[in-house]
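Student: please find the sequence and the predicted model below.
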Amino acid sequence: MSPPRTTKPCDVVLFGASGFVGRQTTAYFARHAGRLRWAVAGRTAERLDAVRRECGATAAGLIVADASDAAALDALAAQTRVVLSTAGPFARHGSELVAACVRHGTHYVDITGETPWVREMIERHHDAAARSGTRIVPGCGFDSVPSDLGAWLVAQALQRQHGERCVSVKACFSLRGGLNGGTFASLVNMLETGRSRELANPFLLNPPGTVPDDVSPHADPAAPRRDADFDAWVGPFFMGPVNTRVVRRSVALVSGGPFAPGFHYQEYLRFGRGAGAALAAAAVGFGTVAGQGALALAPLRRLAASLAPAPGEGPSERTMERGSFRCDLVGIGERGTRQRGCMADRGDPGNRATTKFVCEAALALALDSGHLPGGAAFGGLLTPATAFGNVLAARLRAAGMTVEPLD
């Protein structure tokens with residue numbers, strides 16, 4: 001498919017292209033960009049040129065821009081239709097770029113899981129982006145596409161196939177992979193700025209007027225339990241405090257649609273069936289709470305930082321190739337009908353899957369704008385489901401990912 005005609009010289013700019021995930025997005029675009037005009041961007045021309053050559057993408061443009069240089073970011077946003085950013089922590093490196101994209105009507109996607117920062121961007125830019133039809137879409141990596149798009153597809157299937165609105169969805173994750181330095185740096189930044197406390201709000205990202213009077217039924221799981229639908233022991237999922245907030249924003253933004261009033265969403269980590277799985281779920285749940293408490297202490301945070309990968313570093317190629325993820329979902333309709341869904345793929349979820357998610361989201365903006373939910377004039381601080389819906393699902397399937405139920 002050819003990109004739409006435009007007066008801007010670029011279709012897509014990859015910002016943060018010399019970082020760990022940024023290098024992977026550059027390699028992905030080198031294989032999949034086709035006739036798109038695209039460029040890599042970041043602080044240092046030498047590092048960007050090295051990334052281009054390493055990926056065989058020497059035809060891609062090169063833009064030097066620092067995340068704190070508003071003028072350079074304005075110039076960047078003015079010359080492209082879409083920006084894809086992998087430059088975290090986003091609370092440090094993302095605010096000026098988002099502002100520039102909103103000023104120039106440039107669509108934007110990133111891979112952040114920093115929901116307090118996303119809340120800030122909503123407050124600053126949602127109204128202006130909505131008026132101009134600019135799609136600003138944080139969280140287009142493993143945070144939070146499987147949860148958000150998966151819940152959307154399950155709810156749609158309940159309504160389309162069974163004539164029922166969706167009362168609840170629960171998701172259960174299995175994953176294998178490694179940690180990159182950018183992800184750890186984002187967590188540390190939230191802890192150091194005190195913003196991690198905002199994660200306790202289950203409706204952190206919801207628009208005003210869409211928060212229920214009693215939020216306690218939506219609190220994050222704190223203990224393991226046996227779940228009959230998944231036929232397994234499940235426990236708290238460490239990404240749940242991010243993903244659940246994104247799903248709840250999606251439901252609020254569509255003002256019902258396939259979702260019933262009082263819709264409930266929750267997610268878990270799968271541990272298996274036997275007594276050993278029950279003990280593992282309990283241990284991991286306790287360890288997660290203890291680890292969060294420890295990282296709140298500056299000396300232990302510094303120790304953890306010394307042991308974790310540095311920004312720009314991450315798992316080995318072998319680890320990433322041997323990784324995988326699976327997100328099983330169960331939706332319940334108004335008459336009790338159960339609808340199952342699944343998103344799964346090979347490759348490390350925080351790197352390989354994240355790269356596929358965010359690149360296909362950017363490609364959807366660049367190539368499929370006429371088919372996106374809401375039409376060409378729809379914009380705002382959106383979620384992956386509300387910005388891309390079935391278009392992204394179809395692109396991910398074509399890229400080799402399991403995405404069910406089918407449209």
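Tutor: Done, it's in. Numbering: from 1, shown residues only.

Student: hmm, who's touching the host helix or strand of Leu392?
Tutor: Assigned by DSSP states H and E, Leu392 belongs to helix 384-398. Residues outside helix 384-398 that contact it (Cβ atoms under 8 Å, 6 or more residues apart in numbering) are 135, 137, 139-140, 144-145, 148-149, 151-153, 156, 246-247, 250, 253-254, 343, 356-357, 360-361, 363-364, 368, 371-374, 403, 407. From N, CA and C alone the C-beta is placed, and that goes for glycine too.

Student: so, low pLDDT: which residues of the protein?
Tutor: Along the chain, segments meeting pLDDT under 70 span 1-6, 179-196, 281-313, 407.

Student: distance of the residue of it most remote from its centre from Arg226?
Tutor: No residue in the chain sits farther from the centre than Ala275, which is 33.6 Å out by Cα atoms, centre = their mean. Noted for Ala275: a distance of 11 Å to Arg226, by Cβ to Cβ, to the nearest Å.

Student: equivalent analysis for Phe263, please.
Tutor: For Phe263 relative to Arg226 (Cβ to Cβ), the value is 24 Å.

Student: more neighbours, these two?
Tutor: The neighbour comparison of Phe263 against Arg226 (other Cβ atoms under 10 Å) goes to Phe263, with 21 against 13.

Student: phi and psi next, for the more buried one.
Tutor: The phi and psi values for Phe263, taken as degrees, to the nearest 10, are phi -50, psi 140.

Student: and for Tyr108, the neighbour number?
Tutor: As a measure of burial, Tyr108 has 28 neighbours, counting by other Cβ under 10 Å.

Student: how about Thr355?
Tutor: So Thr355, with other Cβ under 10 Å, has 26 neighbours.

Student: got the contact list for it?
Tutor: Thr355 neighbours (Cβ under 8 Å, 6+ apart): Val21, Gln24, Thr25, Tyr28.

Student: export those to JSON lines and tack on neighbour count, secondary structure and distance to Gly350?
Tutor: Written out in JSON lines, the entries for those read as follows (neighbours: other Cβ atoms under 10 Å; DSSP: H, G, I helix; E, B strand; the rest coil; distance: Cβ to Cβ, whole Å):
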{"residue": "Val21", "neighbour count": "25", "secondary structure": "helix", "distance to Gly350": "8"}
{"residue": "Gln24", "neighbour count": "24", "secondary structure": "helix", "distance to Gly350": "11"}
{"residue": "Thr25", "neighbour count": "28", "secondary structure": "helix", "distance to Gly350": "13"}
{"residue": "Tyr28", "neighbour count": "21", "secondary structure": "helix", "distance to Gly350": "15"}
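
Student: pick the one among the residues you listed closest to Ala78.
Tutor: Nearest to Ala78 out of the contacts of Thr355 is Thr25 (Cβ to Cβ; 21.6 Å).

Student: report the beta-bridge partners for Cys166.
Tutor: Phe259, Gly333 (DSSP bridges).

Student: relative to Ala155, how far out is it?
Tutor: 4 Å.

Student: please identify every residue contacting each of those two.
Tutor: Joint contacts of Cys166 and Ala155 (Cβ under 8 Å, 6+ apart) are Pro258, Phe259, Gly331.

Student: list the contacts of the spatially closest residue to the last one that is not a sequence neighbour.
Tutor: Nearest residue to Gly331 in three dimensions, chain neighbours excluded: Val154, at 3.7 Å (Cβ to Cβ, 6 or more residues apart in numbering). With contacts taken as Cβ under 8 Å, 6+ apart, Val154 has the following neighbours: Cys166, Val169, Leu329, Val330, Gly331, Gln339, Arg340, Gly341, Pro405.

Student: what strand or helix carries Val154?
Tutor: Using DSSP H and E, Val154 falls in helix 145-162.

Student: relative orientation of that helix and helix 384-398 in degrees?
Tutor: Relative orientation of helix 145-162 and helix 384-398, computed by axes from the mean of the first three to the mean of the last three Cα atoms, to 10 degrees: 90 degrees.

Student: just give the nearest non-adjacent residue to Asp110, would you?
Tutor: Distances taken as Cβ to Cβ, 6+ apart put Ser85 closest to Asp110, at 4.3 Å, once the chain neighbours are dropped.

Student: does the one you found touch Thr106 like I think?
Tutor: No. With contact defined as Cβ atoms under 8 Å, Ser85 and Thr106 do not form a contacting pair (11.3 Å).

Student: out of those two, which sits in the busier spot?
Tutor: Neighbours per residue (other Cβ under 10 Å) separate Ser85 from Thr106, with Ser85 holding more: 30 against 26.

Student: name the nearest residue to Ala252, ignoring sequence neighbours.
Tutor: Using Cβ to Cβ, 6+ apart, the nearest residue to Ala252 is Thr210, at 4.0 Å.

Student: burial measure for that neighbour, as a count.
Tutor: Applying other Cβ under 10 Å, we find 13 residues neighbouring Thr210.

Student: and if you look at Glu321?
Tutor: By the measure other Cβ under 10 Å, the count of residues near Glu321 is 13.

Student: before we move on, the earlier item: gap between the residue nearest to Gly331 and Ser147?
Tutor: 11 Å.

Student: list residues touching both of these two?
Tutor: When Cβ under 8 Å, 6+ apart defines a contact, no residue borders Val154 and Ser147 alike.

Student: mind listing what Ser174 touches?
Tutor: Contacts of Ser174 (Cβ under 8 Å, 6+ apart): Leu269, Arg270, Ser324, Phe325, Arg326, Asp328.

Student: pull the most distant pair out of the residues you listed.
Tutor: So, the contacts of Ser174 by Cβ to Cβ: farthest apart are Leu269 and Ser324, at 14.3 Å.

Student: tell me which of these two has more neighbours.
Tutor: Set Leu269 next to Ser324 and count neighbours by other Cβ under 10 Å: Leu269 wins out with 24 against 17.

Student: and whatever helix or strand that one lives in, what does it pack onto?
Tutor: In this assignment (DSSP H and E), Leu269 forms part of strand 259-272. Using 3 or more Cβ pairs under 8 Å, 6 or more residues apart in numbering; DSSP states H and E, the elements in contact with strand 259-272 are helix 145-162, strand 166-176, strand 232-236, helix 240-253, helix 275-295.
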